[in-house]
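>>> would you be able to build a 3D model of this:
(chains A, B and C)
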Amino acid sequence: MPLLTVRGLTKSFQRSGRDAVHAVNDVSFEIHHGETLALIGESGSGKSTIGRLLLRLLEPDAGTIEFEGTDLLSLNNSALRAMRAKMQVVFQEPYESLNPKMRVGDIVAEPLQIHEPSMSRTDLRERVRATLEEVGLDADQAERFPRGLSGGQQQRVGIARALITRPALVVLDEPTSSLDLSVQAQILEILHDLQEAHGLSYLYISHDLSTVSYLAHRVAVLYLGQIREQGPLEAVVQNPQDPYTQALLAAFLDPDVTVAPSRSRMLAGEIPDPTRLPEGCFLYGRCPVRVDRCCSEPSVLRLLGPKHYGRCIRAPLSDEDWNDTSDSNAPGRFS
Amino acid sequence: MSDLGKRTLEILKRFLSVLRSQPAIGVGITVVLAMLLAGFFLPLPYSPTRPDPLNVLQPPSSLHWFGTDSDGFDVFSRTIAAAARDLPLALIGTFLSALVGVPLGLLASTKGPWSERIMRGLDVFQSFPLVILAIAIVTLMGNRLENVVIAILIVNVPRFMRLVRSEALSLRESRFIEAARAVGATPIRVMRKHMFPNVVGVALAQTSIAAAQAIGIIAALSFLGVGVSPPNPSWGLMIQTGVRSITTGDWWVVVFPGLAVLIAVAAFNLVADGLQMRQENER
Amino acid sequence: MGETKLLDVRGVVANYDSPRGVVKAVNAVSFSADRREMVGIVGESGCGKSATIRALLGLIRPPGKVVEGEVLLDGQDLLKMTKKEIRQVRGDKIGFVAQNPFAALNPIYKIHKQFHNVIRAHEGRSSSRSTRKRAVDMLTAVGIPGPERILDGYAHELSGGMAQRVVIALALILDPELIVADEPTTALDVTIQRQILDLLRRKTVDEGRSLLLVTHDLGVVAQYCDRVVVMYAGKVVETGLVSEVFARPAHPYTLGLLQSVPRRGLKVRTLGGRVPSLIDYPPGCAFADRCVFAIDQCREDIPELRPAFPSGRGVREVRCHVNEQEVCADAAVDR
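Numbering: from 1, shown residues only, chains lettered A, B, ... in the order given. All right, here's what the predicted structure looks like:
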């Protein structure tokens, strides 16, 4: 049985006097024990919202969330709070996510104080010390305040706080986006090692393909609150079946100088208004391989390969299908 | 060292570092403390409550440093003695206002219909000129000292509530508050351990400002004869008596108590400024 | 190799006074840019790349001060100019594109007014109609559909990508020789980023200008820049052709950065330690504490910027005591 099953998750935000923003539209996925599912997408894709819905930091408008066999949405407040010991989160901005008036040791100890209130002082201190050590921080850092730490250290504190109750699932919301490259590497390594050591499951939310490639086993590509493609990492990255996935992958800039940037598969225009979602395919206005029926036929996720799902009604697309389009051949360093 | 001992030492250390970073705070507190201590313990040359009718309206001299007033009271003794009334009143009134206003402000920041209702009620309440309201209430409720404190509460509790509420509302959007919820903290815990410590700084600065204003309110009230029982001295009352003497050129009766009010208000404002500077630096 | 360089930065030193001491933000920085060349300045936070740009543009204000060095633009030393002269140069000869387009655009003026102001400030009186025409042409050239409508609108009505295009248009309107861009795409979505970078390259290098691009993203440098300047702790540590530097890095820091890029399947190599304080500059090389190649000399003498790989292509410089052959041999191991 999967650790987490999400079906039909939907969320709209109503803004006073303006149209509702349809942030998440009928999203379904599973996460198994010990695996990392990455949600990858640009702004407006809904990936961060999904993370919060999962943790019920936001309430969904529709859908079901089943965690370890329990229906999360049916839990009352105190049962939900107790459940939080098993599903934790690490946020994007390291400093913002820590109470500036609390010492590091207290920040990391708090989850234990809440969920295991009968724990003795000494045991608590020992657990905090051990967890800090796991994320590479010295015990004496426990006395410091967040602003005395570097960005990388602050993020380690955030990870320690998330880990101390030994959760089964950790939602990682762009945990390295605000960090320097070298610091990012350190944090990724910690996350990777912790997953192996504890059999953690991660929901890894990001817009950066390189970090996703490092941690993820499976990946779901999001656009305007909808999953466009989902499957094992290698399958999606090596053999993308959706025009948006292809455009996204093509847009990533590889620091490897021997790889030329792909010039085709670019999408026209910009991300459209999330208050007015089209009838058929959400990608219609920008898609280089669209045909007439794309704008009227509702798109669904279909099985395209082993555990590999895609939404494009024209999938699988051949090279000829792509060459038929007029793609913008912008000159660059390699042409 | 015991845990309580460690905590106290910590608080002391923080207090000292605060003083070092903003010397204005230390200066302000020292002045207020000096006036308080003088008011309670300084041996006075003359009785502040028994006049000497033979020495009426004497200008400042070596006998009477601040001179005497129209009833024969020694202005110096009365000015000092009044500090023992006015300052504690201001401090008690202000701290009580904070005690009531801060939690109410935090409560008013929670989600739900009551928060809006409280604030609209407050809007109506604050649309009255509050000092006049305070005077009216005290006059109706009786000329007792406690009612002066109530007057200060009336003026200040709404201000504390608004300030704390607005600070709390913006705090609620913070990532670390969201993190506290994600970790499983109950709303009470969030308020106690996360919101309150981050609101205290602003509340402290406001307390000092409120104390400065409270001196003014007390002086104004006793100027109008509210809450005073002669012959007990208070600065406002002394100013009232002194105002009549200005026209005859006897300036000392009004100037010295006036200066006392000025210095007390300035001292509190210094503390408030220092606290605000510290808040800004920490951001 | 015959042309004089368009931009020649020589030994620029800029300090900032802070309560804790003097911050040596730009510590003897030298590099150059040719015409038709895109030079990437890359480094992590605190390396001094943004401060270098500010020094170049004459934007350093107290408590900061440029204390030494020359910035030669077409032979003229910008650092010796009066405020008035440098204001003329800014805009006329150097165009600037900042990270946040909404900070660069004035929120209360209509877009056409901003073009009008810039043109008037540098070229004297000009009719509204002629400035408008030029603005329309430029907005079209940067790929904005419906330029007339955009000109009559305000900055906040634009999306991030559009706003950045407007900023680029403003930077180009006076036909400058050099464009300086400080993290121009960091705040934009991945697919938009490609569009903007293509645009920048097309409108600068392809039209005979130089482009100085400050970024922390190695992928951007790898795929778009001709040459790269690597900075660390306020100093230039390596320069050269991108294809050369990224394939055979000469400086241990460059090597460390390249190895920090996460790649699936390969354990990411982390750079231990932290950037040193720019106030208490350690004796010797600032990177010595974190360097796996460090020898005794590294902790005693600050290395000079010297030629590297004399037999290779293009001008190559490195600031290191260790032989570059040793360093780049390590890079080959991972391939």
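>>> and A:Leu37, which of the three is it?
strand (DSSP: H, G, I helix; E, B strand; the rest coil).
>>> what's near enough to touch it?
A:Phe29, A:Glu30, A:Ile31, A:Ser201, A:Tyr202, A:Leu203, A:Tyr204, A:Ala216, A:His217, A:Arg218, A:Val219, A:Ala220 (C-beta atoms under 8 Å, 6 or more residues apart in numbering or on different chains). Where you see a C-beta, it was placed from the backbone N, CA and C, and this is true even at glycine.
>>> just those residues now: which is nearest A:Asp256?
A:Asp256 has its nearest neighbour among the contacts of A:Leu37 in A:Ala216, at 19.3 Å by C-beta to C-beta.
>>> I'd say that closest one and A:Ile31 touch.
No: using C-beta atoms under 8 Å, A:Ala216 is not in contact with A:Ile31; the gap is 11.1 Å.
>>> pull the number of nearby residues for the residue lying closest to A:His198 once chain neighbours are set aside.
Nearest residue to A:His198, sequence neighbours excluded (C-beta to C-beta, 6 or more residues apart in numbering or on different chains): A:Arg166, at 7.1 Å. Residues within reach of A:Arg166, counting by other C-beta atoms under 10 Å in any protein chain shown, total 14.
>>> can you classify A:Arg166 by secondary structure?
coil.
>>> how close does it get to chain C?
25 Å (C-beta to the nearest C-beta, to the nearest Å).
>>> how about A:Ile65?
28 Å.
>>> elements contacting the one helix or strand that residue maps to?
Using DSSP states H and E, A:Ile65 sits within strand A:62-67. Contacting strand A:62-67 under the criterion 3 or more C-beta pairs under 8 Å, 6 or more residues apart in numbering or on different chains; DSSP states H and E are the following elements: strand A:4-13, strand A:21-31, helix A:47-54.
>>> chain neighbours aside, what residue packs nearest to the residue of the stretch 51-200 of chain C at minimum distance from chain B?
The stretch 51-200 of chain C approaches chain B most closely through C:Pro63 (16.0 Å), counting by C-beta to the nearest C-beta. Closest residue to C:Pro63 in three dimensions, ignoring its sequence neighbours and counting by C-beta to C-beta, 6+ apart: C:Asp17, at 3.9 Å.
>>> so what's that neighbour bridging to?
C:Val22 (DSSP bridges).
>>> and for it, the neighbour number?
C:Asp17 has 12 nearby residues by other C-beta under 10 Å.
>>> can you tell me how far the one residue in the stretch 201-335 of chain A that gets nearest to chain C is from C:Asp182?
Of all residues in the stretch 201-335 of chain A, A:Leu253 sits closest to chain C, at 3.1 Å by C-beta to the nearest C-beta. From A:Leu253 across to C:Asp182, the span is 18 Å (C-beta to C-beta, to the nearest Å).
>>> my guess is the residue of the stretch 201-335 of chain A closest to chain C contacts C:Ala222. True?
Yes: in terms of C-beta under 8 Å, A:Leu253 counts as a neighbour of C:Ala222; the distance is 6.7 Å.
>>> of the two, which one has the most company?
Between A:Leu253 and C:Ala222, C:Ala222 has the larger neighbour count (other C-beta under 10 Å), namely 26 against 23.
>>> quick one, strands of the stretch 201-335 of chain A?
Remark: strands assigned in the stretch 201-335 of chain A by DSSP state E, counting those that start in this stretch are A:201-206, A:218-223, A:226-232, A:302-305, A:308-310.
>>> once you drop chain neighbours, what's closest to residue 227?
As the question left the chain open, I've gone with chain A. Going by C-beta to C-beta, 6+ apart, A:Ile227 has A:Ala220 as its nearest residue, at 4.9 Å.
>>> sorry, should have said chain C
Going by C-beta to C-beta, 6+ apart, C:Arg227 has C:Val39 as its nearest residue, at 4.9 Å.
>>> name every strand pairing with the host helix or strand of that neighbour and say which way it goes.
Following DSSP H and E, the helix or strand that holds C:Val39 is strand C:38-42. Strand pairing for strand C:38-42, using DSSP bridges, gives strand C:210-215 (parallel), strand C:227-232 (parallel).
>>> go through it and flag the buried ones.
C:Met38, C:Val39, C:Gly40, C:Ile41, C:Val42 (16 or more other C-beta atoms under 10 Å in any protein chain shown).
>>> might you report the residue contacts of the last one?
Shown in contact with C:Val42 (C-beta under 8 Å, 6+ apart): C:Lys49, C:Val214, C:Thr215, C:His216, C:Asp217, C:Leu218, C:Val221, C:Val228, C:Val229, C:Val230, C:Met231, C:Leu257.
>>> please, which helix or strand holds the last one?
Spelled out, that is C:Leu257. helix C:252-260.
>>> could you dump that helix to CSV, C-alpha only?
C-alpha atoms of helix C:252-260 as CSV (Å, rounded to 0.1, in the frame of the first residue of the first chain):
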residue,chain,number,x,y,z
PRO,C,252,40.1,24.8,-7.2
TYR,C,253,37.1,26.9,-6.5
THR,C,254,35.9,26.7,-10.1
LEU,C,255,36.4,23.0,-9.9
GLY,C,256,34.5,22.8,-6.6
LEU,C,257,31.6,24.8,-8.1
LEU,C,258,31.4,22.6,-11.2
GLN,C,259,31.4,19.5,-9.0
SER,C,260,28.6,20.9,-6.8
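>>> contacts for the helix or strand just after it?
The helix or strand immediately downstream of helix C:252-260 is helix C:296-300, counting by DSSP H and E. Helix C:296-300 is contacted from outside by C:Pro282, C:Pro283, C:Gly284, C:Cys285, C:Ala288, C:Cys291, C:His321, C:Val322, using C-beta under 8 Å, 6+ apart.
>>> cool, stretch C:262-279 as well?
So stretch C:262-279 is contacted by A:150, A:152, A:182, A:184-186, A:188-189, A:210-211, A:213-214, A:233, C:18, C:20-25, C:27, C:44-48, C:232-234, C:253, C:256-257, C:259-261, C:282, C:286, C:289-290, C:334 (C-beta under 8 Å, 6+ apart).
>>> tell me where chain C has helices.
C:49-56, C:83-92, C:101-104, C:111-123, C:128-141, C:147-151, C:160-172, C:190-203, C:218-224, C:242-247, C:252-260, C:296-300, C:324-333 (DSSP state H).
>>> low-confidence ranges, the chain, go.
Since you didn't name a chain, this refers to chain A. Low-confidence segments of chain A, defined by pLDDT under 70, are located at A:260-264, A:322-335.
>>> not quite, I wanted chain C
C:1-4, C:311-314, C:332-335.
>>> OK, contacts around the spatially most central residue of it?
Centroid-nearest residue in chain C, with C-alpha atoms, centre = their mean: C:Val214, separated by 2.8 Å. Taking C-beta under 8 Å, 6+ apart as the contact definition, C:Val214 lies against C:Gly40, C:Ile41, C:Val42, C:Lys49, C:Ser50, C:Ile53, C:Val180, C:Ala181, C:Asp182, C:Glu183.
>>> quick one: contacts for the spatially closest residue to the fifth one that is not a sequence neighbour?
So the one you mean is C:Ser50. Among residues not flanking C:Ser50 along the chain, C:Asp182 sits closest, at 6.0 Å (C-beta to C-beta, 6+ apart). Going by C-beta under 8 Å, 6+ apart, C:Asp182 touches C:Ser50, C:Ile53, C:Phe96, C:Val97, C:Ala98, C:Gln99, C:Val214.
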